[in-house]
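# Based on what follows, work out the 3D shape:
(2 chains)
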Amino acid sequence: MKRWWLVMLVVSQASAETRSFAERPDLPTDAVQSGTLFLTPDTRALQADDFANPGYLWVERGEELFAEGENSCSTCHAASSEGALAGAAARYPQFDAGEDTLVNLEGRINLCRQRYQQQPALAYESQDLLALAAYVTSLSRGLAKNVSIEGEAAAYFQMGRAYYFQRRGQLNLACNQCHDDNWGKQLRGDTISQGHPSAWPAYRLEWQTFGSLHRRIRDCDSGVRAKPFPAGSEIYRSLELYLAWRMRQLPLESPGIRR
Amino acid sequence: MSNTIRIKAPGQARRGEIMELKAMIRHPMETGYRRDLYGKQIPEDILDRFECRYNGEVVFSAEFFRAIAADPFLTFYTVATESGTLEFRWYGQDESVHSEVVQLEVE
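Numbering: from 1, shown residues only, chains lettered A, B, ... in the order given. The predicted model follows:
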């Protein structure tokens, strides 16, 4: 009798698993909550304090780099000019026709360097790229994330969404199993968040430093014992687009503090 | 990346007033106990001393050790006595010195 039940269970799970990604529900809009709400009060206070928040070390360094040199970023993007970047970070990732691919903010900064500044691209996760991304994202602090998933971006959106619902690694877990189905519950000492990137790039206490969203995603992938993709890779940019859409209109909070 | 420094100090104070000073510096405070992906030891790299000088006189100092977290952040107090400068200075174990000076006006 017992064995019969086991067979039934396996069969019902298998049929749930064979549903296509397109049929899986996204996190409902009215359930969306910022990761900040899942932090301990101490960490939340650290994020809210504009002086104590160590993320501002990168924001300030980025502000210096932004105005540094003859052909600096601020030549085109002065705060008072038409090229002012308030709100820019909220629109990335987006499709870039010139590169014929989806670019995120880090990629866009590197494109600017190559196209207009005749400078080599900065390595992903290098201190200078992190600082520039931190500064530009901080200019959109409090503004709602607002990405386009239409047109050329649609294919990347579907790819990112499929990645989100795909089980992977030795633990055979998909992103949605923690961040849609079990958010708010405890995973060892931590509370599982909904996995929204509203506070990224962020200062992660575990890293003792500032880091990109892609570095964070690599940690999730290695956490389920899957082989992580390189930071800046197409699949992570696509996942970033899905996550950016999935958090709907959450305001940007970078530089955030995360555990 | 240079060691970005953030200081919070009042530009003006009344004589006898207790001033709150805040100082943060970007630094990895590498313990020397960690290993990299290839198993090679990451060499110790820490700041080991902090001083705050008020017109050249040390009014606050602290010793740092390996257990201090990255990007050390201090809050401390001193009494405003006269106009002048406040210098915040960090010493690395590698003989490096990082400092920032702010002006203070006392009425």
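# can you list the residues of chain B near chain A?
B:1-2, B:4, B:6, B:8, B:22, B:24, B:26, B:28-29, B:69-71, B:73 (CB under 8 Å from any CB of the partner chain). C-beta: built from backbone N, CA, C; applies to glycine.
# Can you classify the most far-flung residue of chain B relative to its centre by secondary structure?
The C-alpha centroid of chain B is most remote from B:Tyr38, which lies 33.2 Å away (CA atoms, centre = their mean). Three-state assignment for B:Tyr38 (DSSP: H, G, I helix; E, B strand; the rest coil): coil.
# A:Arg115 too?
helix.
# any idea of the pLDDT on the closest residue in space to it that isn't next to it in sequence?
Excluding the flanking residues, the one nearest A:Arg115 by CB to CB, 6 or more residues apart in numbering or on different chains is A:Gly98, at 7.8 Å. At A:Gly98, the model reports a pLDDT of 93.
# give me the element A:Gly98 is part of.
Remark: A:Gly98 resides in no helix or strand, with elements defined by DSSP states H and E.
# how far away is it from chain B?
Distance, A:Gly98 to chain B, using CB to the nearest CB, to the nearest Å: 29 Å.
# any low-confidence regions in the chain?
Assuming you mean chain A. Scanning chain A for pLDDT under 70 picks out A:1-19.
# nope, chain B
If you take pLDDT under 70 as the line, chain B has these spans: B:1-2.
# just the strands in it please.
B:5-8, B:12-13, B:18-25, B:47-54, B:57-63, B:73-79, B:84-92, B:97-106 (DSSP state E).
# which strands and helices sit next to the last one?
Translated: strand B:97-106. strand B:5-8, strand B:12-13, strand B:84-92 (3 or more CB pairs under 8 Å, 6 or more residues apart in numbering or on different chains; DSSP states H and E).
# Buried residues of stretch A:179-199, list them for me.
A:His179, A:Asp180, A:Trp183, A:Ile192, A:Ser193, A:Gln194, A:Gly195, A:His196, A:Pro197, A:Ser198, A:Ala199 (16 or more other CB atoms under 10 Å in any protein chain shown).
# Just give me the closest of the residues you listed to A:Pro28.
For these, the residue nearest A:Pro28 by CB to CB is A:Asp180; the value is 9.4 Å.
# Look up phi and psi at the closest one.
phi -110, psi -40 (degrees, to the nearest 10).
# does it really touch A:Val32, like I thought?
No - contact criterion CB atoms under 8 Å: A:Asp180 and A:Val32 do not qualify, at 11.0 Å.
# Could you look up the next helix or strand downstream of the helix or strand hosting A:Leu241?
Assessed by DSSP H and E, A:Leu241 sits inside helix A:234-246. Next helix or strand after helix A:234-246 toward the C-terminus (DSSP H and E): strand A:256-258.
# quick revisit: Serialize the strands of chain B to TSV and add fields for mean neighbour count.
Below are the strands of chain B laid out as TSV (neighbours: other CB atoms under 10 Å in any protein chain shown):
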stretch	mean neighbour count
strand B:5-8	17
strand B:12-13	16
strand B:18-25	18
strand B:47-54	18
strand B:57-63	13
strand B:73-79	14
strand B:84-92	18
strand B:97-106	14
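# how about the ones you listed, which one is nearest A:Asp42?
Of all the strands of chain B, strand B:73-79 comes closest under CB to CB, at 13.7 Å.
# in its sheet, what does that closest one sit against?
Paired neighbours of strand B:73-79 in the sheet (DSSP bridges): strand B:18-25 (antiparallel).
# which other residues reach the strand it pairs with?
A:51-52, A:54, A:57, B:3-10, B:13, B:47, B:50, B:52, B:60, B:71-80, B:86, B:88, B:90, B:98 (CB atoms under 8 Å, 6 or more residues apart in numbering or on different chains).
# those strands in the stretch 51-200 of chain A, which residues are they?
A:94-96, A:101-103, A:186-187, A:190-191 (DSSP state E, counting those that start in this stretch).
# Of all these, which one is nearest chain B?
strand A:190-191 (18.6 Å; CB to the nearest CB).
# Following element in sequence after that closest one, please.
strand A:202-204.
# Note down every partner strand of that next one and its orientation.
Counting by DSSP bridges, strand A:202-204 is paired with strand A:209-211 (antiparallel), strand A:256-258 (parallel).
# What's the separation between A:Ser140 and chain B?
For A:Ser140, the distance to chain B - CB to the nearest CB - is 21 Å.
# what's the burial count for A:Pro120?
Neighbours of A:Pro120 under the rule other CB atoms under 10 Å in any protein chain shown: 9.
# And the one 10 residues further on, by the same measure?
The burial metric for A:Leu130, expressed as a neighbour count using other CB under 10 Å, is 23.
# again with A:Gly211
There are 21 residues near A:Gly211, going by other CB under 10 Å.
# contacting residues for it?
With CB under 8 Å, 6+ apart, A:Gly211 has these contacts: A:Glu125, A:Leu130, A:Pro201, A:Ala202, A:Tyr203, A:Arg204.
# Counting neighbours, which of those end up buried?
A:Glu125, A:Leu130, A:Pro201, A:Ala202, A:Tyr203, A:Arg204.
# Quick check: residues of the stretch 151-259 of chain A near chain B?
A:Gln208, A:Thr209.
# Most proximal residue of the stretch 151-259 of chain A with respect to chain B?
Counting by CB to the nearest CB, the stretch 151-259 of chain A gets nearest chain B through A:Gln208, at 3.8 Å.
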